[in-house]
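Visitor: Got a sequence here, can you model it:
(4 chains)
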There are 2 protein chains.
Amino acid sequence: MPTCSIAATLEAVGDRWTLLILRDLFRGVRRFEALHRDLGIARNLLTDRLHRLVELGIVQRVPYQERPVRHEYRLTPKGADLSPALVALMRWGDRWYAEDGPPTLLVHDQCGTPLEQAVACPSCHTDVTPHHIRSRPGPGRLTEGATR
Amino acid sequence: MPTCSIAATLEAVGDRWTLLILRDLFRGVRRFEALHRDLGIARNLLTDRLHRLVELGIVQRVPYQERPVRHEYRLTPKGADLSPALVALMRWGDRWYAEDGPPTLLVHDQCGTPLEQAVACPSCHTDVTPHHIRSRPGPGRLTEGATR
DNA sequence: GCAGTCCGTTTCGTTTCGAAACGGACCCGG
DNA sequence: CCGGGTCCGTTTCGAAACGAAACGGACTGC
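Guide: Purely as a prediction, here's the structure:
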């Protein structure tokens, strides 16, 4: 258990494929064969990553048919909670690599408006730019080591 | 250039070390030796990752002394713009791996209040849960392929 | 019986990684 | 001037991870 939550997160989902698998799960691609086709990931790696995600409680393996029993992979609440992180990664890609505009827009299901993501100060009622973010040791800090 | 901004982002910074290096740069750890010590990364990999980040325009190599010329590594605006992504990754780690509370708090520099991060709908003036996020093809979509 | 689908596992050559040694440019104290 | 000490890399080499492809097993449908 690293002393830094970023490190903890990356230890769980921080390899070349895992976040892409999770992206697909968010998109509704849930089956082994579909993930394999869509991502181009080697089958043995896909097996491995899915098992790992299940062990970590990020993904759930649920049967979608009997005879033969076949399973699909679904996000648990813990997995669904990665949504903001994927949104943030996507927005950065949008800003720096999408010359023709974002390939995908995230919109509010009730009104269709494109969504925004921001860091905000609940007491000042304002958005906070990276420049105005400071970090402080929190309650979970043992001793040494800084973080972010 | 992948058709998905998440894939584009991960192609740039999505390996085991790069995001940790960037985290350290945010924290003000800027020198080769310091990064090496703090991260425990192999020296050859650190060299490689830093060069790569410079090539990508995420990091800048600036001299901090002559005789001998020594450089430190600083975030460019493109690099600093990864802040929301690191914040999101950190918050997930906080929520799921920090039993004793977050090891690090992000606070507003002006008032010291711990910050929040949310996805919001600008027209409804509300926060939006992952459940209410839909994705749509955006202007940068060529043909095929979905995303998130 | 034979093809087709779906989900894995095994195999094996290639790439990447990690630890440690090496080297070069300097400063400093003796 | 010589032997550390610092800082930043590069080289080397065995271990680990990856990727492509073949294989196998449990079905369905013709």
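Visitor: what residues are up against the closest residue to DNA strand C within chain A?
Guide: Here the residue of chain A nearest DNA strand C is A:Glu33; by C-beta to the nearest atom of the strand that distance is 2.9 Å. The C-beta positions use only the backbone N, C-alpha and C, and glycine is treated the same way. Residues near A:Glu33 by C-beta atoms under 8 Å, 6 or more residues apart in numbering or on different chains: none.
Visitor: what separates whatever helix or strand it lives in from the chain centre, distance-wise?
Guide: Following DSSP states H and E, one finds A:Glu33 within helix A:32-39. For helix A:32-39, the distance from its own C-alpha centre to the chain's C-alpha centre is 18 Å (C-alpha atoms, centre = their mean, to the nearest Å).
Visitor: Briefly note if the helix or strand following that helix comes near chain B.
Guide: For helix A:32-39, the following helix or strand on the C-terminal side (DSSP H and E) is helix A:43-55. No. Looking at helix A:43-55 against chain B by C-beta under 8 Å from any C-beta of the partner chain, there are no contacts, and the closest approach is 13.0 Å.
Visitor: quick one: average pLDDT of helix A:43-55?
Guide: Helix A:43-55 comes out with an average pLDDT of 98.
Visitor: One more: stretch A:2-10?
Guide: If you average the pLDDT values across stretch A:2-10, you get 92.
Visitor: Can you show me the CA trace of it as CSV?
Guide: Coordinates of each C-alpha in stretch A:2-10 appear next as CSV, following Å, rounded to 0.1, in the frame of the first residue of the first chain:
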residue,chain,number,x,y,z
PRO,A,2,1.9,3.0,-1.2
THR,A,3,1.8,6.2,0.7
CYS,A,4,0.5,8.0,-2.3
SER,A,5,-3.0,7.6,-3.8
ILE,A,6,-1.8,8.2,-7.3
ALA,A,7,0.7,5.4,-6.9
ALA,A,8,-2.0,3.2,-5.3
THR,A,9,-4.3,3.8,-8.3
LEU,A,10,-1.6,3.2,-10.8
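Visitor: and that stretch, anywhere near chain B?
Guide: Yes. Using C-beta under 8 Å from any C-beta, we find that stretch A:2-10 touches chain B at A:Thr3, A:Cys4, A:Ser5, A:Ile6, A:Ala7, A:Ala8, A:Thr9, A:Leu10.
Visitor: This completes my enquiry, with thanks.
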